[in-house]
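Visitor: Got a predicted model here, sequence first, then my questions.
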Amino acid sequence: MSTSQPLGMPSIDPDEVGHNSSANPSFDEVVAARMNRRRLLGFGVASGGAALITACGGGGSNGVFVPTVGASPAPAPAPAPAPGAAPAPAPLSLSFNPVAKSLEDRLVLPAGYTATVMYRLGDPISTDVAAYANDGSDDPSTYDRRAGDHHDGMTFFGMGASGAWAPTAADRGLLVMNHEAITPAFLHPAGQTTTGSGTAQVRTVPGEVLREFYLHGVSVIEVGKTGSTWGYKRGSSFNRRVHTLTEMRLSGPAAKSDAVKTRYSTDGSKTRGTVNNCANGTTPWGTYLTCEENWAGYFRRVTATDNAARTAKELVSLNRYGVAGNGRELWATVTPDTSDNLYGRWNAQVTGASAADDFRNGPNTYGWVVEIDPFNPLSTPRKRTALGRFGHEGACLGPVVPGRPLVWYMGDDSRNEYIYKFVSTRAWDPADVGGGLAAGDKYMDDGRLYVAKFAADGTGTWLELKLGVNNITAANTTYAFADAADVVINARLAADAAGATRMDRPEWTAVNPVTGEVYVTLTNTNASSRPITATDAANPRFYNDPKGTAQTAQLGNPNGHVLRFSETNGDAASTTFKWDVYLFGARSTASADINLSQLGADNDFSSPDGLWFSQARPGLLWLQTDDGAFTDVTNCMMLAALPGKVGDGGAKTITNIAADGSTRQQGTIVGKAPGTATLRRFLVGPKECEITGIAESGDGRAIFVNIQHPGEDTAVANITDPSKFSSHWPDGGASRPRSATIVITRTDGGFIGT
């Protein structure tokens, strides 16, 4: 997730502003955790070809090489295969020495590893576009053929000689990545040009806004390896940008319903653009899923004037999703607006006689999982409404078994929001591999949407979000649901009605290809979102993490945790599961009731966000951070882990301490402490960045990682003085910082991390 802020506003992460006013329990009334737990059997790979678990998650010659740093010895070389035999992966172990925490403006990697900067903000993906000037002077009309900003979740699609999907391809493929948001100060000569203040503040340079439109969305680029060097192919026919101006087709239950009709699409069959694309996902037929997270903040809706034009039911929905304000980048305020389909579509106020005359329903066309076919540059992306509308952090594909439904796991990235899953109605048929968006129509437009409820005894239930069940009815006193379209459009309200468990900011989900167990990052929360009286077994901590020399109080769960669960009988379509907390973020110096995972100096971390299991090295987990709580001692980082199973630890009662010194006991279930043998720090990024997005080549000997928004806290007032930039990564010197994709390899050509 990104921390780009509305103009003139203090530095508040949009994800940190919750809009869940439901009275759903956080299980504070259930404090006794089960004292004895049976270990679960691991997920068994079915015979006859339960054959596939796909990844979720997961340059020209002018790439900038980043020096490797660290005093640790180089990893042992990979064993050579026997003559004529394919290389055999060695048993998993973390073969690198952990890197130290760092506050420097550089990448830190273990010795024996090399990072190459491959694809940066503004890099051209077409031969008719000039190199990026990186000073705000580039022609805005060229940005539809340049790398976007805030690189985020991504997937590597291996490609064979014929140009078709080849999952195990090791040296050529399509790298598809999200561009979540922007750092506005660095995109224009002197930052965004505005006039006025408050609700009268407006953007005055349409070209600046056009540039920002293009810098959001998704990149599809062809990448390959020449010798040992990776780069992207600037003139590839596969290269494509999907952005806020790209036409999208709405599919599934919400398509063509009255609630998605706008002036742009009076029949509700389509919309324009995708925005705030955070984490991602894949399909077993070879397409990419991009997920719309903090979309609500882009819309302008001045409540003082618009509320009177809305029905009571509309206001409940708008408030639940946080659609209010000027719009974080003021896109709707551009004057003159010669095409309201271009700028005015971000104005969600009632201005016409009906929904077909304005964009009052514009917000209802965002907040979806979007499917893109990277192998067909002319295809129209689909917004898959059956997967529900909320702040989608990602959509991780579960175990893929022929003859069984397909399942995607999803987090709603905001404080006190929920964890969801979608189960397809149709059973998987491997004949649909390569079926493109038509396969998506088959599997993703019809199915069952569920939300998770966690019990204190380590069990959980999936509650179906369907009209007529779980209090999702026309008689619901908070929100009267009308039909299936209403349920998916207002999935948050349906989850409220069902009684789901409010969580500490659910972000990425990842499925262990060895066990089938599901991992979820819960990035953090604060005291106002979850006071000490509202902790529960699945969100158990309330504490203070003093920051910096001033020891500024950080109350709540500022360091976050990673929860995991195992579906009953290893069946991803099950409606019950067992869970524990795999990892708790904490400073190594924190007390035992805070540092529950017994982290040390080589693996302590805060605010887990990105989460991804290697497919080439099954069982290897990568964990990335997006942190503001621990940044007094280190920049954001990426860790490698070899996790066990749900139930490898045990029940524990911890003592939480409030600001006034009062205490409260809370039961929880803690996974086995990892130690440095199974959890260690692999990478630390430059200043003020987020480490996010990860993918790997088909052979696991190269990984791609995104460095998002380095130097993002640079004051707009300092944009003309490079000496005051807080980062100059990756180009160095006096350059403006740029989000970028790096590719990491081992100097001996071995597997990454193990």
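Guide: Yep, it's here. It should be emphasised that the depicted structure is a prediction, and the values quoted were computed from it without experimental measurement.
Visitor: Give me the residue ranges of the stretch 251-400 of the chain where confidence is low.
Guide: 338 (pLDDT under 70).
Visitor: Start from the N-terminal end of it and give the strands.
Guide: In the stretch 251-400 of the chain, the segments counted as strands under DSSP state E, counting those that start in this stretch are 270-272, 277-282, 288-292, 369-372, 382-384, 396-397.
Visitor: How about the stretch 401-550 of the chain?
Guide: Going by DSSP E, counting those that start in this stretch, the stretch 401-550 of the chain shows strands at 405-411, 415-417, 419-427, 447-454, 459-464, 503-504, 506-511, 518-522, 525-526, 543-544.
Visitor: Would you mind giving those as a markdown table with mean pLDDT added?
Guide: Formatted as a markdown table, the strands of the stretch 401-550 of the chain follow (pLDDT from 0 to 100):
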| stretch | mean pLDDT |
| --- | --- |
| strand 405-411 | 98 |
| strand 415-417 | 97 |
| strand 419-427 | 98 |
| strand 447-454 | 98 |
| strand 459-464 | 98 |
| strand 503-504 | 98 |
| strand 506-511 | 98 |
| strand 518-522 | 98 |
| strand 525-526 | 97 |
| strand 543-544 | 98 |
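Visitor: right, and the ones you listed - which one's nearest Trp285?
Guide: strand 405-411 (9.7 Å; Cβ to Cβ). All C-beta spots, glycine's among them, are computed from the backbone N, C-alpha and C.
Visitor: Now tell me what touches that closest one from outside.
Guide: With Cβ atoms under 8 Å, 6 or more residues apart in numbering as the test, strand 405-411 has contacts from 281, 283-284, 289, 291, 369, 387-388, 392-400, 417, 419-428, 443, 447, 506-509, 511, 518, 520-521, 572-573.
Visitor: That one pairs with which strands?
Guide: Each strand paired with strand 405-411, and its direction, by DSSP bridges: strand 396-397 (antiparallel), strand 419-427 (antiparallel).
Visitor: nearest to Arg541, of those strands?
Guide: strand 419-427 (18.0 Å).
Visitor: quick one: contacts of that closest one?
Guide: 386-388, 390, 395, 398, 402-412, 442-444, 446-452, 462, 491, 495, 501, 503, 506, 509, 520, 572-573.
Visitor: can you check stretch 568-576 too?
Guide: 41-44, 398-399, 404-405, 407, 421, 423, 450, 459-462, 464, 516, 567, 577-578.
Visitor: Show me which residues of it are buried.
Guide: If you call a residue buried by 16 or more other Cβ atoms under 10 Å, then stretch 568-576 has these buried ones: 568, 570-573.
Visitor: Equivalent analysis for stretch 129-142, please.
Guide: For stretch 129-142, by 16+ other Cβ under 10 Å, it's 129, 132, 134, 136, 138, 140, 142.
Visitor: do stretch 137-157 as well
Guide: By neighbour count on 16+ other Cβ under 10 Å, the buried set for stretch 137-157 is 138, 140, 142-157.
Visitor: Might you calculate how far it sits from the centre of the chain?
Guide: Centre-to-centre, stretch 137-157 and its host chain are 17 Å apart (Cα atoms, centre = their mean, to the nearest Å).
Visitor: Quick one: end-to-end length of it, please.
Guide: One end of stretch 137-157 sits 34 Å from the other (Cα to Cα, to the nearest Å).
Visitor: Ok, stretch 644-659 next?
Guide: End-to-end for stretch 644-659, by Cα to Cα: 35 Å.
Visitor: and if you look at stretch 717-731?
Guide: Distance between the two ends of stretch 717-731: 22 Å, counting by Cα to Cα.
Visitor: can you offset everything so residue one is 18?
Guide: Right, with 18 as the first residue, what we last looked at is stretch 734-748.
Visitor: what's next to it, contact-wise?
Guide: 81, 83, 122-124, 134, 137, 151, 202-203, 207-208, 703-706, 724, 727-728, 730-732, 751-755, 757, 759.
Visitor: I'd like to know which of the residues you listed are buried.
Guide: Of the contacts of stretch 734-748, these count as buried by 16+ other Cβ under 10 Å: 83, 122-124, 134, 137, 151, 202-203, 208, 703-706, 724, 727-728, 731, 752-755, 757, 759.
Visitor: In strands only, show me these.
Guide: 83, 134, 137, 724, 757, 759 (DSSP state E).
Visitor: any idea how far the closest residue to the last one other than its chain neighbours lies from Met461?
Guide: This means Ile759. Nearest residue to Ile759, sequence neighbours excluded (Cβ to Cβ, 6 or more residues apart in numbering): Ala132, at 4.7 Å. From Ala132 across to Met461, the span is 36 Å (Cβ to Cβ, to the nearest Å).
Visitor: Thanks a lot, catch you later.
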